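Trainee: what follows is a predicted structure for the sequence shown.
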Amino acid sequence: MSLPSAEQSNDISESMPVLIPERDPLLHPGRIVLHSLLFVITFFTTTIAGVQWLNRNPFDLSNFPLGLPYSLSLLAILTAHEFGHYFAARYHGVKTTLPFFIPVPPFLFNPFGTMGAVIRIRSQMSTRKILFDVGIAGPLAGLAVTLLVLIYGVATLPGKEFLYSIHPDYAITRTIPTGGLAFGDSIFSWLFFQAVSSFTFFPPMNEIYHYPFLNAAWFGLFVTALNLIPVGQLDGGHILYSLLGKKQGVFARIFLVILVGIGLSGLLPLFTDGGETSATSWLIWAAILFFFVRPDHPPVHVEEPLDERRRYLGWFVFAVFLFTFIPIPFSGLSPQ
């Protein structure tokens, strides 16, 4: 269809505005390329991390497929978490970016290959209901995928021969030492792993990172608990403010004091033979939360209380937080 010329009469278009659909700047092709590029780079760094966890050479390309079970599981968990937030925000008309995945070369300081992923909220969440829905959707979605990965990892758990193939010296003695780096336990993981080990072989926590699905599931539980810390604009802060309003700040400060206490316990090895120096990392985390994230959640425009169903769901999620929080994420790092 051709456009009318300026000389044509009876042109009603002169009196009617032309409606052009507004393109969402957050979904601009350039931004989509950036998000996609970060995802691809994170895929490579987590796959390399998966190879390293198996004690294989990450620079040998023939080993690359060995890291896929770990990286795909981990990315599924992170993607579910962030898109849980994203779709909840979109449902309520809240402007938000797509997820920014954060890659980290695993041979530097972070053996997991990633620092996780984030989205940026670009408009106000005006009611407690919206704040609650957006805040809780991520942890619930991520937790659901984490549990699926955990169950699959247990269902496909290989025998001791798998560990012997990674540590040939174990095969000689037919024993699995308990020293060295070990992942920490939460209440949930300890109960779950104890239950599984009662009827089949289950690797100790100082060897669990050699099992891609169990490794990714542990990371998923750890990240879920971190996000549910009830401080500021973390997911836990969103949820607790939705439940309690300004009283959220009181509980945030109480938990920060607990984190400082856990962190100070990490200094015990300087004076005694007990304790884990790795716990001191909570001092850094507490400082970041207090000075940068800030304990108090900003208010919303409409302070109406949540409905009963959301209140029950919110307290259930905080029960999940208490059961999945890991006081000492890593052990075996203290000086011998």
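Mentor: Yep, that arrived.

Trainee: mind listing what P327 touches?
Mentor: Contacts of P327 were listed using CB atoms under 8 Å, 6 or more residues apart in numbering, and they are 184, 262, 279. C-beta here means a position set from N, CA and C on the backbone, and glycine is covered the same way.

Trainee: among the residues you listed, name the buried ones.
Mentor: 184, 262, 279 (16 or more other CB atoms under 10 Å).

Trainee: nearest to L268, of those?
Mentor: Nearest to L268 out of those is A279 (CB to CB; 8.6 Å).

Trainee: how near is the closest residue to the closest one other than its chain neighbours to V145?
Mentor: Distances taken as CB to CB, 6 or more residues apart in numbering place G266 nearest to A279, at 3.2 Å, with adjacent residues excluded. Here G266 is placed at a distance of 31 Å from V145 (CB to CB, to the nearest Å).

Trainee: got it, and P168?
Mentor: From P168 to V145 the distance is 34 Å (CB to CB).

Trainee: ok, F251 next?
Mentor: The value you get for F251 to V145, if CB to CB is used, is 28 Å.

Trainee: what's the answer for I326, then?
Mentor: Taking CB to CB, one finds I326 at 19 Å from V145.

Trainee: next one: T47
Mentor: Distance from T47 to V145, by CB to CB: 18 Å.

Trainee: neighbour count: those two, which is higher?
Mentor: Between T47 and V145, T47 has the larger neighbour count (other CB atoms under 10 Å), namely 25 against 20.

Trainee: list the contacts for that one?
Mentor: 64, 67-68, 70-71, 113.

Trainee: okay, and which of those residues map to helices?
Mentor: 68, 70-71 (DSSP state H).

Trainee: now list the buried members of the residues you listed.
Mentor: For these, buried by 16+ other CB under 10 Å: 70-71.

Trainee: correct me, but L75 touches A49?
Mentor: No: between L75 and A49 there is no contact under CB atoms under 8 Å: 11.4 Å.

Trainee: relative to F255, how far out is V320?
Mentor: From V320 to F255 the distance is 15 Å (CB to CB).

Trainee: quick one: name whatever helix or strand follows the longest helix along the chain.
Mentor: Longest helix in the chain, counting residues (DSSP H): helix 128-155. Next helix or strand after helix 128-155 toward the C-terminus (DSSP states H and E): helix 160-166.

Trainee: name the next helix or strand downstream of that next one, please.
Mentor: helix 168-173.

Trainee: show me where the stretch 1-150 of the chain has strands.
Mentor: 100-103, 114-118 (DSSP state E, counting those that start in this stretch).

Trainee: if you count neighbours, what's buried in stretch 121-134?
Mentor: Buried, per 16+ other CB under 10 Å, within stretch 121-134: 121, 125, 127-134.

Trainee: now those residues as TSV including pLDDT?
Mentor: Shown next, in TSV, are the buried residues of stretch 121-134 (pLDDT from 0 to 100):
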residue	pLDDT
I121	91
M125	91
T127	95
R128	96
K129	96
I130	96
L131	97
F132	97
D133	97
V134	97
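
Trainee: now flag whichever of these is closest to F188.
Mentor: The closest of the buried residues of stretch 121-134, once distances to F188 are taken by CB to CB, is F132, at 23.2 Å.

Trainee: so what's that closest one up against?
Mentor: Contacts of F132 (CB under 8 Å, 6+ apart): 238-239, 242-243, 306, 310, 314.

Trainee: packing partners of the strand or helix carrying Y241?
Mentor: Using DSSP H and E, Y241 sits in helix 235-244. Secondary-structure packing of helix 235-244 (3 or more CB pairs under 8 Å, 6 or more residues apart in numbering; DSSP states H and E): helix 128-155, helix 248-265, helix 308-324.

Trainee: 6 Å instead, please
Mentor: Using 3 or more CB pairs under 6 Å, 6 or more residues apart in numbering; DSSP states H and E, the elements in contact with helix 235-244 are helix 128-155.

Trainee: residues of the helix it packs on that come out buried?
Mentor: Buried residues in helix 128-155, counting neighbours by 16+ other CB under 10 Å, are found at 128-143, 145-146, 148-150, 153-154.

Trainee: what angle separates it from strand 114-118?
Mentor: For helix 128-155 against strand 114-118, the angle by axes from the mean of the first three to the mean of the last three CA atoms, to 10 degrees is 150 degrees.

Trainee: return the closest of the contacts of P327 with respect to F193.
Mentor: G184 (11.9 Å).

Trainee: much appreciated, bye for now.
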